[in-house]
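# have a look at this fold, sequence not included:
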């Protein structure tokens with residue numbers, strides 16, 4: 001238990017600033033390649049030990065970022081007039097020797113092997129699980145009547161375990177599919193329908209995108225969950241006792257003796273036809289116990305206040321009289337130490353996401369050096385626990401340093417793959433809000449064009465920290481380096497991007513020794529500076545596109 005880390009970080013930060021650390025110079029209110037490289041050299045060094053949340057390495061990185069914010073003249077936006085927003089996490093791990101999943105049908109009871117045949121996605125509010133209940137097949141397990149999907153309609157699942165398919169019906173588009181297909185969304189839908197638990201069954205084609213072996217390995221390690229004010233770990237599906245995922249070859253076991261076999265269902269899925277829901281002739285017993293430990297890790301928050309045109313004149317306020325704000329975010333954490341690869345067990349995370357944090361630091365310095373009047377406050381956030389499931393951004397989105405209705409928009413920098421000169425950007429979420437036109441305007445100032453997402457099926461818009469704010473109803477956008485290069489080709493850029501994903505993403509080799517194009521990285525950071533400048537100087541309201549799937553009322557904590 002390391003509950004004193006925020007106090008240690010504050011003390012270390014005070015000592016560092018007292019020693020007179022010097023900022024890296026920013027020239028002409030633009031980001032420089034040299035400044036970015038200097039920051040990444042620190043944040044991605046072996047001394048930071050991979051920046052895993054709850055470790056001394058992460059704390060040292062957080063102190064460094066806070067120091068840079070202070071040197072830039074930004075105001076602290078954390079707790080107790082500091083730059084830190086400490087979050088208490090409960091790291092929960094299932095004790096393997098206690099894990100049991102027993103299927104019962106007309107045949108002999110069958111005990112499945114944990115991590116080989118299934119794994120649990122635990123409910124962090126259930127430290128001891130012991131459930132026996134009948135199974136019911138609920139198709140895709142989705143309640144989305146606006147999309148024409150109501151898997152639980154007319155189905156009695158009260159007190160039962162819902163067996164649901166991975167994925168969603170065809171034709172929804174990658175982003176909507178990704179939202180409705182997530183285990184968290186399906187679990188919440190099952191809980192709302194009254195189910196006692198949920199079992200996910202995957203086909204072999206599904207397993208290519210969501211490999212069972214890899215996900216089971218992650219489940220073995222456990223995960224952190226941030227604690228709510230009442231001391232309970234946060235869960236989006238608290239009423240549900242458990243979620244289990246079966247290995248692809250085990251899916252047929254739960255359909256034994258049912259009116260339709262698993263093979264029949266998969267044939268319907270392949271044809272794109274409607275999927276029926278029906279009672280199964282199988283029941284299940286699920287049991288486990290957990291080990292728990294408490295850690296603390298902090299988001300780092302800073303504020304650049306609005307700057308009225310004339311002294312004494314009011315800055316920009318909303319219709320409710322709130323001082324409006326925009327926010328630039330990126331995750332500071334990475335994977336820490338892990339499985340050695342060629343003798344190296346430190347996952348340094350240079351591109352993912354030390355480079356993004358370096359860009360945030362330098363964007364803050366460039367904007368702070370600008371004397372142009374600003375109508376809106378600009379906040380900067382270096383976030384913890386993104387790699388653990390967007391935990392730090394979830395917490396910040398609920399416990400903001402300003403009233404929620406004052407936050408007009410959020411920009412996210414995550415893993416800028418600046419390994420080549422680029423001539424375009426693509427902006428995930430550009431069609432969902434008026435932020436898209438600001439992104440295009442900022443890019444055009446630097447002679448860049450926009451391009452469509454080269455990997456739309458990845459549904460990147462719902463897979464990074466900005467999505468925590470989208471879920472709360474706050475317009476957000478995620479700019480990425482395009483694959484088009486100045487010579488007019490997209491081949492080289494796409495190849496470099498794919499090479500990084502295949503060889504270095506979430507690997508120890510994501511280090512500063514990669515062939516990072518620091519000038520390209522500086523250009524990308526400058527686009528964010530320009531977009532923030534435009535958002536801060538305009539009084540134009542930022543709004544969701546009327547017909548966007550993500551257009552929803554703001555959700556309060």
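Received it, and whenever you're ready, just let me know what you need. Please read all numbers here as calculations on a predicted model, not as lab measurements.
# can we go C-alpha only for contacts and neighbour counts from here?
OK.
# what is the neighbour count of the closest residue to residue 401 other than its chain neighbours?
Nearest residue to residue 401 in three dimensions, chain neighbours excluded: residue 77, at 6.2 Å (C-alpha to C-alpha, 6 or more residues apart in numbering). Using other C-alpha atoms under 10 Å, residue 77 has 22 neighbouring residues.
# pretty sure residue 77 is in contact with residue 396, am I right?
No. At 11.6 Å, residue 77 does not count as touching residue 396 under the criterion of C-alpha atoms under 8 Å.
# what is in contact with these two at once?
By C-alpha atoms under 8 Å, 6 or more residues apart in numbering, residue 77 and residue 396 have no common neighbours.
# check which helices and strands the top helix by length along the chain is in contact with.
Secondary structure of the chain per DSSP state H: the longest helix is helix 518-537. Packing partners of helix 518-537 (3 or more C-alpha pairs under 8 Å, 6 or more residues apart in numbering; DSSP states H and E): helix 33-43, strand 325-331, helix 355-368, strand 377-383, helix 435-445.
# could you rerun that using 6 Å?
Judged by 3 or more C-alpha pairs under 6 Å, 6 or more residues apart in numbering; DSSP states H and E, helix 518-537 is in contact with helix 33-43, helix 435-445.
# mean neighbour count and distance to residue 94 added to these, as a markdown table?
A markdown table is the format used below for the helices and strands packed on helix 518-537 (neighbours: other C-alpha atoms under 10 Å; distance: least, C-alpha to C-alpha, whole Å):
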| stretch | mean neighbour count | distance to residue 94 |
| --- | --- | --- |
| helix 33-43 | 20 | 32 |
| helix 435-445 | 19 | 42 |
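# and those as CSV, adding distance to residue 272 and mean pLDDT?
Output for those, formatted as CSV (distance: least, C-alpha to C-alpha, whole Å; pLDDT from 0 to 100):
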stretch, distance to residue 272, mean pLDDT
helix 33-43, 48, 98
helix 435-445, 33, 97
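# tell me which of the ones you listed lies nearest to residue 266.
helix 435-445 (39.0 Å; C-alpha to C-alpha).
# for that closest one, packing partners?
Contacting helix 435-445 under the criterion 3+ C-alpha pairs under 6 Å, 6+ apart are the following elements: helix 518-537.
# what angle do the helix it packs on and helix 33-43 make?
For helix 518-537 against helix 33-43, the angle by axes from the mean of the first three to the mean of the last three C-alpha atoms, to 10 degrees is 100 degrees.
# hmm, who's touching helix 518-537?
31, 32, 33, 359, 363, 374, 375, 376, 418, 421, 442, 443 (C-alpha atoms under 6 Å, 6 or more residues apart in numbering).
# among these, which one sits closest to residue 410?
Of the contacts of helix 518-537, the one sitting nearest to residue 410 (C-alpha to C-alpha) turns out to be residue 376, at 12.8 Å.
# mind checking pLDDT for the closest one?
At residue 376, the model reports a pLDDT of 97.
# same deal with the one 3 residues further on?
Model confidence at residue 379, given as pLDDT, is 98.
# quick check: it vs residue 97, distance?
Residue 379 sits 46 Å away from residue 97, going by C-alpha to C-alpha, to the nearest Å.
# what's the closest residue to residue 481 other than its chain neighbours in contact with, if anything?
Once flanking residues are discounted, residue 481 sits nearest to residue 425: 4.8 Å by C-alpha to C-alpha, 6+ apart. Taking C-alpha under 6 Å, 6+ apart, we find residue 425 in contact with 450, 480, 481, 482.
# the same query, at a cut-off of 10 Å, please.
Contacts for residue 425 (C-alpha atoms under 10 Å, 6 or more residues apart in numbering) come out as 439-440, 443-444, 448-453, 479-484, 524, 527.
# which of these are buried, as a PyMOL select command?
In PyMOL syntax, the buried subset of the contacts of residue 425 is picked out as below (16 or more other C-alpha atoms under 10 Å):
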select buried, resi 439+440+443+448+449+450+453+479+480+481+482+483+484+524+527
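# count of neighbours near residue 523?
The burial count assigned to residue 523 is 23, neighbours taken as other C-alpha under 10 Å.
# in the stretch 351-500 of the chain, where is pLDDT below threshold?
Across the stretch 351-500 of the chain, nothing is flagged by pLDDT under 70.
# if we go to 90?
Applying pLDDT under 90 to the stretch 351-500 of the chain picks out residues 371-372, 454-458, 487-492.
# what segments of it are helices?
355-368, 391-398, 435-445, 466-470, 491-503 (DSSP state H, counting those that start in this stretch).
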